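S.K.: Give me a model of this one.
(chains A, B, C and D)
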2 protein chains.
Amino acid sequence: MPDDIDLQLLNLLQQNAKLTMKELAEQLNMTTTPVFERIKKLEREGIIQAYVAIVNAEKIGRPQVVFCNVAMPDYTPENITAFEETIRTMPDVLEAYHLAGTIDYQLKVLVKDIKEYTNFLQLIAKLPMVRVHSSAIALYAVKQSTVVPTNSHITSL
Amino acid sequence: MPDDIDLQLLNLLQQNAKLTMKELAEQLNMTTTPVFERIKKLEREGIIQAYVAIVNAEKIGRPQVVFCNVAMPDYTPENITAFEETIRTMPDVLEAYHLAGTIDYQLKVLVKDIKEYTNFLQLIAKLPMVRVHSSAIALYAVKQSTVVPTNSHITSL
DNA sequence: AGCAAAAAAGAATATTATTCTAAAATAATA
DNA sequence: TATTATTTTAGAATAATATTCTTTTTTGCT
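M.R.: Model (predicted):
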């Protein structure tokens, strides 16, 4: 549905949401009105979900990323919804995916240090419907982006 | 360094960067000037790194998240920088972490479908410095947030 | 080619960000 | 505990930007 101009626009806004209509219009060889209308359409359609500030986690005392892999031995609809609801309420869990395979869930957890992660693990361990399978400590982030690729379909080297 | 008001401000801006100075000022029981000044300071200090639009990946044809785990058998500084540089140039890799343990790296890859992921895997397989260990297909996202928690230190249930 | 619908341009208006000056609060020092 | 210096905030004035409106142009269809 979005045409090429929309994809360019999304590309620009994904990198800097503070660009003005004038600046966007220049990049896209247009005037501000069509840019404005296109953005509003993308927002209405839910293609643009939100505008957010990206915060440096280290600088506010949350430098440690840990991936927590959990399994759900008794894989019932009740357990699934109960667990997922719980996860969504935990601010330390930034991302959570239901995975195919035996691990079932991967949680991306943001903590101050490993000591705090052990506290987190104890909370998870208390949950009756899951079993902690493993934890993967991140040494550092090689890349952290929120930009969903729009144009080239697969990376070539 | 950031005080409680700054943390509240970060909380608000992490959820909605389009809030006006007036709206922020109301929430924080202040006038617009101090809000403005505090935001500029947070930007200068790099605590606020960017303002970005969050795009719905499904709606622009990138619904599939896959985690690609790779190992680096010959763990030399040259191999590390070469691999990391390569990863950073690949738009399909949204996030990448250097992990403690035997897996070495986890890549979060965003693709159209599994077919496209196999293309991606072939690219990685061509790289001389790493060996693909495993791939974890995401069935769906339970939670996807960019909000670094600011206040409560650990989740309690 | 001719018509209808959509998209875009350009100007006018409304909102909002930003700056400026002065007042208040806070911290530091004697 | 006064007193001063520094930082923070308030309130008003200005500048920049978003948003709306009307007209023109382009695009798609028959």
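S.K.: And the helices in chain A?
M.R.: Counting by DSSP state H, one finds helices in chain A at the ranges A:4-15, A:21-27, A:32-44, A:77-88, A:114-126.
S.K.: Show me what the first one is packed up against.
M.R.: The one in question is helix A:4-15. For helix A:4-15, the elements it packs on are helix A:21-27, helix A:32-44, strand B:48-55, judged by 3 or more CB pairs under 8 Å, 6 or more residues apart in numbering or on different chains; DSSP states H and E. (Each C-beta comes from the backbone N, C-alpha and C, glycine too.)
S.K.: any chance of the helices of chain A in TSV, plus mean pLDDT and mean neighbour count?
M.R.: Listed next are the helices of chain A as TSV, based on pLDDT from 0 to 100; neighbours: other CB atoms under 10 Å in any protein chain shown:
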stretch	mean pLDDT	mean neighbour count
helix A:4-15	96	18
helix A:21-27	97	15
helix A:32-44	97	15
helix A:77-88	97	14
helix A:114-126	96	15
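S.K.: Residue numbers of chain A in contact with DNA strand C?
M.R.: Within reach of DNA strand C by CB under 7 Å from any atom of the strand, chain A has these residues: A:I5, A:A25, A:N29, A:M30, A:T31, A:T32, A:T33, A:P34, A:E37, A:R38.
S.K.: Farthest pair within those residues?
M.R.: Greatest spatial distance in the residues of chain A next to DNA strand C: A:N29 and A:E37, 15.6 Å, computed using CB to CB.
S.K.: Nearest residue to the middle of chain A?
M.R.: A:E95 (5.8 Å; CA atoms, centre = their mean).
S.K.: what sits against that residue?
M.R.: A:L107, A:K108, B:A141, B:K143, B:Q144, B:S145 (CB atoms under 8 Å, 6 or more residues apart in numbering or on different chains).
S.K.: Would you mind stating the distance between the second one and chain B?
M.R.: Taking CB to the nearest CB, to the nearest Å as the measure, A:K108 and chain B are separated by 9 Å.
S.K.: hey, what's the closest residue to that residue other than its chain neighbours bridged with?
M.R.: Distance criterion CB to CB, 6 or more residues apart in numbering or on different chains; nearest residue to A:K108, sequence neighbours excluded, is A:E95 at 4.1 Å. When bridges are called by DSSP bridges, A:E95 pairs up with A:K108, B:Q144.
S.K.: For A:E95, give its distance to B:V52.
M.R.: 16 Å (CB to CB, to the nearest Å).
S.K.: ok, now A:A82?
M.R.: 33 Å.
S.K.: What's the local residue count around the closest residue to A:I5 other than its chain neighbours?
M.R.: Nearest residue to A:I5 in three dimensions, chain neighbours excluded: A:L28, at 6.0 Å (CB to CB, 6+ apart). Around A:L28 there are 17 other residues, counting by other CB atoms under 10 Å in any protein chain shown.
S.K.: show me the contacts for A:L28.
M.R.: A:I5, A:Q8, A:L9, A:V35.
S.K.: and it, what pLDDT?
M.R.: At A:L28, the model reports a pLDDT of 95.
S.K.: what are the phi and psi angles of the residue of chain A positioned farthest from its centre?
M.R.: Most distant residue from the mean C-alpha position of chain A: A:T31, 32.6 Å away (CA atoms, centre = their mean). Main-chain dihedrals, A:T31, degrees, to the nearest 10: phi -100, psi 180.
S.K.: so it touches A:A25, yeah?
M.R.: Yes - contact status for A:T31 versus A:A25: in contact at 5.6 Å, counting by CB atoms under 8 Å.
S.K.: Quick check: beta-bridge partners of A:V65?
M.R.: Going by DSSP bridges, A:V65 forms beta bridges with A:L110.
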